[in-house]
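1. pasting the sequence and the predicted model now:
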Amino acid sequence: MLKIGSYEFSSRLLLGTGKYPDFDVQKEAVDVSETEILTFSVRRMNIFDANQPNFLEKLDVGKYTLLPNTAGAKTAEEAVRIAKLAKASGLCDMIKVEVIGCQKTLLPDPLETLKASEELLKEGFTVLPYTSDDVLLAKRLEELGCHAIMPGASPIGSGQGIVNPLNLRFIIEQSTVPVIVDAGIGVPSDAAMAMELGADGVLLNTAVSGAKDPVKMAQAMKLAIEAGRLGFEAGRIPKKRYATASSPTEGMSVS
Ligand SMILES: CC(=O)[C@@H](O)[C@H](O)COP(=O)(O)O
């Protein structure tokens, strides 16, 4: 079970809803992924005009927990405003805090992320900040009371996978709230690796929506996350410098 604040989930895959070739593919990919949490950018939501297209229109949104995100915000103030708008629209009280500090790398602004998270916690939101893999920043966010920490594997949409597994391991080790690896996942083995490191979940979008076959990739990601989690729970063997035989001969009368 993945527990985030007062929410509980069986699936450990959090899926983005943007950039699919069309809404039918989006629906099929979401279905086969068996995700229970869908994230989307509030600024892309058509909250005010019912005649405008709705990019979640094919999805049975009632089946999912919605995780609106504050994409587009460059300051804490903007992120807080977007989050309040999402809440006022009856979306969900969970919010992914995303405050981008650099348009080229799309890396999060640490100070504004901290500020926005603090403010939204005071307002009673369930707060999931997207952060860099900075270990001490992750600690500060946890100390503030954030309900999960979401360090990036690598820049959003880059598909580079986990560039700093050591930092992720440190964040996971120190954290008493769920750690969800968010952004930069390229292939299923990246997602499996995040889970093998001990992450509680993975949030991804581009690797699925941009795949040649998004539906197959969604299924592959689901299986990879499940396999990675099982592997983590099973406990890996220690790494050794030299070989040890798989069929030991000690105590046997063979030479
Ligand atoms: C959808 C969303 O929230 C993205 O901003 C997220 O960080 C996923 O990144 P990838 O597209 O790299 O998986």
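-> That came through, no problem. Numbers count the residues shown, from 1 in each chain.
2. count the residues that sit near the closest residue in space to Gly72 that isn't next to it in sequence.
-> In this structure, Gly72 finds its nearest non-sequential neighbour in Arg43, 4.5 Å apart by C-beta to C-beta, 6 or more residues apart in numbering. C-beta here means a position set from N, CA and C on the backbone, and glycine is covered the same way. If you count neighbours by other C-beta atoms under 10 Å, Arg43 ends up with 15.
3. and Arg43, which of the three is it?
-> For Arg43, the assignment made with DSSP: H, G, I helix; E, B strand; the rest coil gives helix.
4. show me which residues of the protein sit near the ligand.
-> Counting by C-beta under 6 Å from any ligand atom, the chain comes close to the ligand at 16, 18, 39, 69, 71, 156-157, 182-185, 203-207.
5. where do the strands sit along the stretch 101-250 of the chain?
-> Along the stretch 101-250 of the chain, the segments classed as strands by DSSP state E, counting those that start in this stretch run 126-131, 150-151, 180-182, 201-204.
6. part of a helix, is Thr39?
-> No - per three-state DSSP, Thr39 lies outside any helix segment and is strand.
7. that one contacts Val30, correct?
-> No - applying C-beta atoms under 8 Å as the test, Thr39 and Val30 come out as separate, 11.3 Å apart.
8. now for those two: what residues contact both?
-> Contact criterion C-beta atoms under 8 Å, 6 or more residues apart in numbering; residues bridging Thr39 and Val30 by contacting each: 15, 17.
9. just the buried ones from the residues of the chain next to the ligand?
-> 16, 39, 69, 71, 156-157, 182-185, 203-207 (16 or more other C-beta atoms under 10 Å).
10. now do the residue in the stretch 51-200 of the chain positioned nearest to the ligand, the pLDDT please.
-> For the stretch 51-200 of the chain, the residue closest to the ligand is Ala183, as judged by C-beta to the nearest ligand atom, at 3.5 Å. Per-residue confidence at Ala183 stands at 97 (pLDDT).
11. from the residues of the chain next to the ligand, which land in helices?
-> Residues of the residues of the chain next to the ligand located in helices (DSSP state H): 206-207.
12. of the buried ones among the residues of the chain next to the ligand, which is the nearest to Lys122?
-> Nearest to Lys122 out of those is Asn69 (C-beta to C-beta; 19.3 Å).
13. quick one, phi psi at the closest residue to the closest one other than its chain neighbours?
-> Using C-beta to C-beta, 6+ apart and skipping residues adjacent in sequence, the residue nearest Asn69 is Lys96, 3.8 Å away. The phi/psi pair for Lys96 (degrees, to the nearest 10) reads phi -90, psi 110.
14. how many neighbours does Pro238 have?
-> Using other C-beta under 10 Å: Pro238 sits among 5 other residues.
15. begin at 13 from now on, thanks
-> Taking 13 as the first residue, the last one we looked at is Pro250.
16. roughly how far does it sit from Thr256?
-> 10 Å (C-beta to C-beta, to the nearest Å).
17. now the strands of the stretch 113-262 of the chain in JSON lines, with distance to Val73?
-> As requested, the strands of the stretch 113-262 of the chain are exported to JSON lines (distance: least, C-beta to C-beta, whole Å):
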{"stretch": "strand 138-143", "distance to Val73": "18"}
{"stretch": "strand 162-163", "distance to Val73": "22"}
{"stretch": "strand 192-194", "distance to Val73": "21"}
{"stretch": "strand 213-216", "distance to Val73": "18"}
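18. out of these, which gets nearest to Val227?
-> strand 213-216 (14.7 Å).
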